[in-house]
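# here is my input; please provide its structure:
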Amino acid sequence: MEKQVLIPTKIPAQVLTIGPQYKNHRGGIGAVIEIYSKYSSGFQYIRSHKPGTKVGNALLFPKTVITLFQKLMMNKNIKIVHIHGASRGSFFRKYVCFLIAKKLFDKKVIYHIHGGGFHVFYKNSNSLVKRQIKYFINNVDCLLCLSVQWEAFFTQNFSPKRIEIISNIIDYPAVYRSTKKEKELIFLFLGYITQQKGIFDLLDVVAKNKEKYQGKIKIVIGGNGEIEKLSRFIRENNLSAIVEFVGWITKEEKANWLKKTDVYILPSYYEGLPISILEAMSYGHPIISTNVGGIPEIVKTHKNGILITPGNLAEIENAIDFFIRQPDQIKAYGIVSKQLVKRHLPNSVISELVNIYNS
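All right, here's what the predicted structure looks like:
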């Protein structure tokens, strides 16, 4: 059962949203769009990407373009096109959508950038792509970013007409009682299994401290990506007693794991403002994560978690050890997490978004 909270207003039907698949999504942008759709009066949406192969998505995008043309030609009530995007392939797909909406139909366009690696994408792009990025960002009617740090990056490197910080949104947590039964402290990681998410740094720390952690902690990993590499690492280092890989988890399974987690851990190298951290905070958990992107705005060291440096194994170990030594701090930090995450719940974020639309 979810908390029933009055939403002050709803997203108007005059907005057309473009972004990745949000039903049965496998990513943070899809999660955001799913919640927007829930609190909308006549949600209008075009899918630009779906979980699957590159070939499948290459075949999908022409359909996206055709659907966009049709909607803008037939529905004169659409005033704003809200484009959700990130780096690499996402950027190029959304660039085409921007040109159609702005240059052919003269619609107001919002570009909502989520990807934590956008600065790396821009830095490593050739001169032609950099010009495209600048043209896109400088010519949308409003650029939405996720944190003060990202606002600084975009204002320092581009000249957007208008830039706004919009809080990443999460839905209300389920009303629950903890289902934790294990004696060990459970540290939960949810995300794409790759070095950039820091998961193999975490496993390195566990592998080097097996005897210390045996019987004291359990690392639970959920997600997809480099699964073979992950399984091989667990097997070769004999970590099965400490580390459990649960695969990709559904929305319901995620809620169940959050009910019995003690600490959420995400030692990423790049982030925007992770939905997974916000969700863990809404369930009253302390956070171990890195001082990148918008994370320092929601995780305060020794208030609701511990911030570490990306790739610093000693800091990961010290953060884990802190909660082992002081388990009483888990509840105290969790209370602060629940307070700090309130501005990311629908009643706050939807109001912010609708104010931007109305302006």
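
# verify the contact between Ile275 and Asn168 for me.
Yes: with contact defined as Cβ atoms under 8 Å, Ile275 reaches Asn168; the gap is 6.1 Å. All C-beta spots, glycine's among them, are computed from the backbone N, C-alpha and C.

# okay, buried residues for stretch 313-333 please.
Leu313, Glu315, Ile316, Glu317, Ala319, Ile320, Asp321, Phe322, Phe323, Ile330, Tyr333 (16 or more other Cβ atoms under 10 Å).

# what touches both of Ile275 and Asn168?
Here Ile275 and Asn168 have Gly28, Val32 as joint contacts, going by Cβ atoms under 8 Å, 6 or more residues apart in numbering.

# check which helix or strand covers the closest residue in space to Gly117 that isn't next to it in sequence.
Distance criterion Cβ to Cβ, 6 or more residues apart in numbering; nearest residue to Gly117, sequence neighbours excluded, is Tyr270 at 4.4 Å. Assigned by DSSP states H and E, Tyr270 belongs to no helix or strand.

# swap in Tyr45?
Going by DSSP H and E, Tyr45 is part of strand 44-49.

# list the residues that contact Tyr95.
Gln132, Phe136.

# how far off centre is the strand or helix carrying it?
Here Tyr95 sits within helix 89-98, counting by DSSP H and E. Offset of helix 89-98 from its chain centre (Cα atoms, centre = their mean, to the nearest Å): 19 Å.

# residues of that helix that come out buried?
Ser90, Phe91, Arg93, Lys94, Tyr95, Cys97, Phe98.

# is it fair to say Tyr264 lies in a strand?
Yes: remark: Tyr264 belongs to a strand, assigned using DSSP: H, G, I helix; E, B strand; the rest coil.

# leaving out chain neighbours, which residue sits closest to it?
Excluding the flanking residues, the one nearest Tyr264 by Cβ to Cβ, 6+ apart is Ala280, at 3.5 Å.

# so what pairs up with Ile306 in the strands?
Ile288 (DSSP bridges).

# can you count the residues close to it?
23 (other Cβ atoms under 10 Å).

# swap in Arg235?
10.

# next one: the helix or strand harbouring it to chain centre, how far?
Following DSSP H and E, one finds Arg235 within helix 227-236. Centroid separation for helix 227-236 versus its chain: 25 Å, with Cα atoms, centre = their mean.

# can you check the pLDDT for Leu273?
Per-residue confidence (pLDDT) for Leu273: 89.

# so which residues of the stretch 1-150 of the chain form strands?
In the stretch 1-150 of the chain, the strands defined using DSSP state E, counting those that start in this stretch lie at 15-20, 44-49, 80-85, 108-113, 142-145.

# partner strands of the shortest one, with direction?
For strand 142-145, sheet partners with direction are given as strand 108-113 (parallel), strand 163-165 (parallel), following DSSP bridges.

# so for that strand, mean pLDDT?
Mean predicted lDDT for strand 142-145 stands at 97.

# likewise the second one?
Per-region confidence: strand 44-49 scores 93 on mean pLDDT.

# ok, and what's touching that strand?
With Cβ under 8 Å, 6+ apart, strand 44-49 has contacts from 13, 15-22, 33, 37, 57, 60-61, 64, 67-68, 71, 75, 78, 89-90, 93-94, 97.

# that strand vs helix 89-98, what angle?
Per axes from the mean of the first three to the mean of the last three Cα atoms, to 10 degrees, the angle that strand 44-49 makes with helix 89-98 is 140 degrees.

# what's across from Leu16 in the sheet?
Here Leu16, judged by DSSP bridges, has bridge partners Gln44, Val81.

# since that was my last question, I'll sign off now.
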